[in-house]
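Participant: Please work out how this folds:
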Amino acid sequence: MNKFIVIAGFQGVWFISVLSAASGIFWLGPFSVICWVLIYARMSGNMKRELLLCLAAGFIGLCIDSLLVWSGAFIPKGISSALHMSPAWMIGLWLNFGTSLNSLFHWLKERYILAALFGLFGGPAAYYSGVSLGAAVISQPYYESLFMIGIAWGISMPLLIWLSERIH
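Facilitator: Numbering: from 1, shown residues only. Predicted structure coming up:
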């Protein structure tokens, strides 16, 4: 699959999701994610594998981000006060991330320590970017919250790579 298309789709959906959440248009991110995931899965040549991987990434994201919300590490816009769980647009970002595992991050397969390091630093960088665009707030003490996000992604990234190796 053409990497330029994957990068453009992945980044485009990320920006749509984050900027629309920052503007209070919470449905636009999940809608764009669903469209992109279906297009990506169809283009991948193995629709079932890619859809399963995206769903697995979404489930992991729901768990991880909800734990981060419950811990007070960050507060995304659009959070349900009743459930106090990660909002749909954030889960959509994880589904979107699932499209990158076999296409953009294939070089991390069987490199779990490298994947953990990538998650440890890349996860907080992505959240910081979303915060900078107004889609969430990272709680104080700031560096402790970023560290918690890094730990969560340092665990999640190797798990996602492992799943990408096993889902066929």
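
Participant: what ranges do the helices span in the protein?
Facilitator: For the chain, the helices defined by DSSP state H cover 3-22, 28-44, 47-71, 88-101, 112-132, 142-166.

Participant: Can you convert those helices into CSV and add a column each for mean pLDDT, distance to S81 and mean neighbour count?
Facilitator: Just so you know, the C-beta spots here come from the backbone N, C-alpha and C atoms, and that holds for glycine as well. Listed next are those as CSV, based on pLDDT from 0 to 100; distance: least, C-beta to C-beta, whole Å; neighbours: other C-beta atoms under 10 Å:
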stretch, mean pLDDT, distance to S81, mean neighbour count
helix 3-22, 97, 16, 18
helix 28-44, 97, 19, 19
helix 47-71, 97, 11, 19
helix 88-101, 97, 15, 26
helix 112-132, 97, 20, 18
helix 142-166, 97, 20, 19
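
Participant: Kindly reformat these as TSV containing distance to A82.
Facilitator: Formatted as TSV, the helices of the chain follow (distance: least, C-beta to C-beta, whole Å):
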stretch	distance to A82
helix 3-22	18
helix 28-44	19
helix 47-71	13
helix 88-101	14
helix 112-132	23
helix 142-166	23
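
Participant: closest one to I79 among the ones you listed?
Facilitator: With C-beta to C-beta, the closest approach to I79 among the helices of the chain belongs to helix 47-71: 6.5 Å.

Participant: now the closest one against helix 88-101, angle please.
Facilitator: Calculated by axes from the mean of the first three to the mean of the last three C-alpha atoms, to 10 degrees, helix 47-71 forms an angle of 130 degrees with helix 88-101.

Participant: Counting by contacts, list what helix 47-71 packs against.
Facilitator: If contacts are counted by 3 or more C-beta pairs under 8 Å, 6 or more residues apart in numbering; DSSP states H and E, helix 47-71 sits against helix 28-44, strand 74-76, helix 88-101, helix 142-166.

Participant: any residues touching it, and which ones?
Facilitator: 37, 40-41, 44, 74-76, 79, 84-86, 90-99, 101-102, 148-149, 152-153, 156, 159-160, 163-164, 167-168 (C-beta atoms under 8 Å, 6 or more residues apart in numbering).

Participant: If we ignore the residues flanking it in sequence, what's nearest W153?
Facilitator: In space, W153 comes closest to G123 once its chain neighbours are excluded; the distance is 2.5 Å by C-beta to C-beta, 6 or more residues apart in numbering.
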